[in-house]
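Q: The amino acid sequence is not available; the structure is as follows:
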């Protein structure tokens with residue numbers, strides 16, 4: 001009898017202890033009412049000023065709103081809830097948006113009904129007072145847990161919010177890349193401290209878990225395959241590996257189209273490419289403290305592909321045609337028209353014609369090619385710059401220069417990028433691009449370079465007046481088209497130390513002309529520094 005009594009007492013003690021522990025468990029684990037919650041997360045990132053459709057009718061917030069409204073209506077009708085997130089970089093990318101301080105983009109996001117946005121590094125391209133004005137314009141919060149004001153040692157933005165999603169409590173934390181200091185205007189970020197996103201997320205996790213059932217990170221950190229971030233700051237994979245408790249990461253910065261979610265440490269990582277080309281959709285069910293993804297897709301927003309039919313090329317949608325929302329069009333069209341008017345504004349003047357015709361820029365160095373390369377070199381804070389002649393589409397006449405003329409010269413919207421190379425690798429690269437044949441778009445122009453090519457072989461290479469040292473590191477500016485292997489250039493955008501600044505080439509050229517006007521053509525005219533024999 002004694003042993004049976006002891007076993008009974010032990011059983012009671014264990015049962016009592018179990019209930020005591022259960023009462024102290026985090027709130028997430030206490031949502032065990034056996035109810036199934038349905039949550040849909042919609043995400044975009046790296047908008048970069050693309051509030052309006054492009055010339056092919058792709059993207060644009062009017063079509064994006066139609067798509068999101070449709071999804072939201074279907075989900076809510078079935079008893080679910082929808083959260084719409086941005087991975088940051090609302091700013092910088094199109095002339096119209098840049099001239100209007102991204103006001104149309106933020107108003108468009110308000111009308112769509114975004115829940116929150118991460119703070120991107122390109123938010124700091126603008127003076128800090130303007131960024132704070134953008135925060136006031138927005139009906140959604142800008143979130144960043146790891147950005148502090150040095151003067152007050154307080155966070156510049158809200159670190160996280162908790163929203164009710166159909167009875168499900170969802171905490172959303174914002175995190176911004178440490179690369180911001182290197183890629184943004186130092187005059188803007190000088191008074192700020194960017195701390196380790198991992199440490200901030202870990203510190204806030206107990207607090208967020210106490211208040212919520214699910215934790216989502218809206219990040220602008222970048223996704224890097226297997227977490228190999230190279231010289232970039234650590235990204236989403238590193239965050240998921242090192243911080244327990246993050247259920248979902250809706251990211252941005254690296255501008256990757258993740259057609260399948262990356263699942264790290266039970267965390268779902270998503271990213272939806274760039275410019276509103278896609279809307280990411282993730283469907284989840286939550287029951288008894290467990291979150292499970294049931295469906296995932298990147299939905300193209302009127303994206304098109306080029307096809308040939310009956311001997312003629314045409315563009316066709318790669319997905320269903322999405323009509324544009326009338327209310328959004330009425331909101332944004334005045335901004336688009338105002339932008340068109342502003343493109344007629346004179347940004348500078350030049351004393352003589354800057355030659356940029358096909359028969360010029362594809363056959364020999366020109367003053368315009370040198371000027372554009374120098375503008376990109378300066379913006380990237382690089383030692384040298386390389387430019388493909390095919391990226392120059394026309395000349396700039398003598399006299400006043402309008403913004404429209406600048407964008408006619410560089411109409412493709414390529415972005416300025418840079419890469420760090422040692423002298424050996426730089427020579428190998430210049431061996432290839434320096435031997436690109438004339439009468440091709442690949443014919444190269446340079447800034448701050450002296451070079452001699454003989455019989456297709458590199459015989460001399462100098463940067464800044466000094467011969468290239470094999471062991472020294474050099475920063476080279478190049479546009480994103482060439483960096484991706486365009487025109488047969490060596491591919492660079494797959495290298496770990498490649499950085500896309502996000503600055504559009506036409507915008508960079510406009511700013512350079514404005515800063516250095518009046519432009520004197522002779523200052524940029526070739527002086528025989530590039531010799532090809």
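A: Great, that's in hand. Keep in mind it's a predicted model, so treat the numbers as computed, not measured.
Q: per-residue pLDDT, residue 440?
A: Note for residue 440: predicted pLDDT of 83.
Q: quick one: contacts for it?
A: Contact analysis of residue 440 by CB atoms under 8 Å, 6 or more residues apart in numbering lists 362, 389, 390, 487. (Glycine included, C-beta is placed from N, CA and C.)
Q: Can you tell me which of the residues you listed has the most neighbours?
A: Most neighbours among the contacts of residue 440, by other CB atoms under 10 Å: residue 389, with 26 neighbours.
Q: show me what contacts that one?
A: Residue 389 makes contacts with 361, 362, 369, 440, 441, 442, 443, 444, 445, as judged by CB under 8 Å, 6+ apart.
Q: domains of this protein?
A: 36-338, 346-532 (automatic domain parsing).
Q: end to end, how far does the last one reach?
A: What that stands for is domain 346-532. In domain 346-532, first residue to last residue: 37 Å (CA to CA, to the nearest Å).
Q: Might you quantify the distance of it from its chain's geometric centre?
A: Centre-to-centre, domain 346-532 and its host chain are 23 Å apart (CA atoms, centre = their mean, to the nearest Å).
Q: just stretch 157-164 next, same as before
A: That offset, for stretch 157-164, works out to 22 Å (CA atoms, centre = their mean).
Q: Please apply the same query to stretch 303-317.
A: Using CA atoms, centre = their mean, the offset of stretch 303-317 from its chain centre is 28 Å.
Q: what is the mean pLDDT for that stretch?
A: 89.
Q: what's in contact with it?
A: Here stretch 303-317 makes contact (CB under 8 Å, 6+ apart) with 56, 57, 58, 59, 277, 278, 300, 302, 318, 319.
Q: What is the helix or strand hosting residue 507 packed up against?
A: Assigned by DSSP states H and E, residue 507 belongs to helix 505-516. Packed against helix 505-516 by the contact rule (3 or more CB pairs under 8 Å, 6 or more residues apart in numbering; DSSP states H and E) you find helix 95-99, strand 346-350, helix 367-379, helix 403-409, strand 415-422.
Q: follow-up on the earlier one: can I get the contacts of residue 440 in a markdown table with secondary structure, pLDDT and distance to residue 135?
A: Formatted as a markdown table, the contacts of residue 440 follow (DSSP: H, G, I helix; E, B strand; the rest coil; pLDDT from 0 to 100; distance: CB to CB, whole Å):
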| residue | secondary structure | pLDDT | distance to residue 135 |
| --- | --- | --- | --- |
| 362 | coil | 90 | 47 |
| 389 | helix | 92 | 43 |
| 390 | helix | 86 | 41 |
| 487 | helix | 85 | 41 |
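Q: Pick the one among those residues closest to residue 327.
A: Checking these against residue 327 with CB to CB, the nearest one is residue 390 at 40.7 Å.
Q: Was I right to think the closest one contacts residue 445?
A: No: using CB atoms under 8 Å, residue 390 is not in contact with residue 445, being 10.6 Å away.
Q: Quickly list what's touching both of these two.
A: Here residue 390 and residue 445 share the contacting residues residue 361, scored by CB under 8 Å, 6+ apart.
Q: just to revisit the earlier point, reformat the contacts of residue 389 as JSON lines; add secondary structure and distance to residue 184.
A: Below are the contacts of residue 389 laid out as JSON lines (DSSP: H, G, I helix; E, B strand; the rest coil; distance: CB to CB, whole Å):
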{"residue": "361", "secondary structure": "helix", "distance to residue 184": "32"}
{"residue": "362", "secondary structure": "coil", "distance to residue 184": "35"}
{"residue": "369", "secondary structure": "helix", "distance to residue 184": "28"}
{"residue": "440", "secondary structure": "coil", "distance to residue 184": "36"}
{"residue": "441", "secondary structure": "coil", "distance to residue 184": "32"}
{"residue": "442", "secondary structure": "coil", "distance to residue 184": "32"}
{"residue": "443", "secondary structure": "coil", "distance to residue 184": "33"}
{"residue": "444", "secondary structure": "strand", "distance to residue 184": "29"}
{"residue": "445", "secondary structure": "strand", "distance to residue 184": "28"}
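Q: Please indicate which of the residues you listed are buried?
A: With burial judged by 16 or more other CB atoms under 10 Å, the buried subset of those is 361, 362, 369, 441, 442, 443, 444, 445.
Q: which non-adjacent residue is nearest the fourth one?
A: Spatial nearest neighbour of residue 441, chain neighbours left out: residue 390 (2.2 Å); criterion: CB to CB, 6 or more residues apart in numbering.
Q: what do you get for residue 286?
A: Leaving out its chain neighbours, the residue that sits closest to residue 286 by CB to CB, 6+ apart is residue 37, at 4.3 Å.
Q: With residue 178 instead?
A: Spatial nearest neighbour of residue 178, chain neighbours left out: residue 233 (3.9 Å); criterion: CB to CB, 6+ apart.
Q: For that neighbour, which three-state class applies?
A: Three-state assignment for residue 233 (DSSP: H, G, I helix; E, B strand; the rest coil): coil.
Q: Does it touch residue 222 like I think?
A: Yes: Residue 233 is within contact range of residue 222, at 7.5 Å (criterion: CB under 8 Å).
Q: Mind listing the shared neighbours of these two?
A: 177, 179.
Q: pLDDT below threshold where in the stretch 101-250 of the chain?
A: Judged by pLDDT under 70, the stretch 101-250 of the chain has its weakly predicted residues at 185-186, 231.
Q: before we move on, back to that, Throw the contacts of stretch 303-317 into CSV and include neighbour count, thanks.
A: Below are the contacts of stretch 303-317 laid out as CSV (neighbours: other CB atoms under 10 Å):
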residue, neighbour count
56, 11
57, 15
58, 20
59, 23
277, 22
278, 26
300, 21
302, 25
318, 11
319, 14
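Q: Could you single out the nearest of these to residue 409?
A: Of the contacts of stretch 303-317, the one sitting nearest to residue 409 (CB to CB) turns out to be residue 56, at 20.7 Å.
Q: Sounds good, over and out.
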